[in-house]
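Asks: Have a look at this prediction, sequence included:
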Amino acid sequence: MKRMKILKSPKKYRTSSISVAILAQHFILPSFSKLETDITTDVLIVGGGITGITSAYLLAKQGVKDAFIEAD
């Protein structure tokens, strides 16, 4: 598997859950049921904000089996 370099974004570009709430007001976001069975994954992303969703998307494009979890 190809290694990916992890970069930290500058503080001025970091997002918060407030930006996710603003997006949710303007777009219909999908909802998913609770995980009720065990799964196997290469990467687990905790948090479904802008950064978590983007990370999951980019990893999936690279063929990495990933999943993310969110409190709500």
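Replies: Nice, thanks for sending it over.

Asks: mind checking the longest helix of the protein?
Replies: Longest helix in the chain by number of residues (criterion: DSSP state H): helix 50-61.

Asks: For that one, buried residues please.
Replies: Neighbour-count burial for helix 50-61 flags 52, 53, 55, 56, 59 (criterion: 16 or more other Cβ atoms under 10 Å). All C-beta atoms are positioned from the backbone trio N, CA, C, and that covers glycine.

Asks: Tell me, please, where in the protein the pLDDT is lower than the cut-off.
Replies: Judged by pLDDT under 70, the chain has its weakly predicted residues at 1-27, 29, 72.

Asks: Is it possible to get a markdown table of the buried residues of helix 50-61 that adds distance to residue 35?
Replies: Formatted as a markdown table, these follow (distance: Cβ to Cβ, whole Å):
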| residue | distance to residue 35 |
| --- | --- |
| 52 | 15 |
| 53 | 17 |
| 55 | 18 |
| 56 | 14 |
| 59 | 18 |
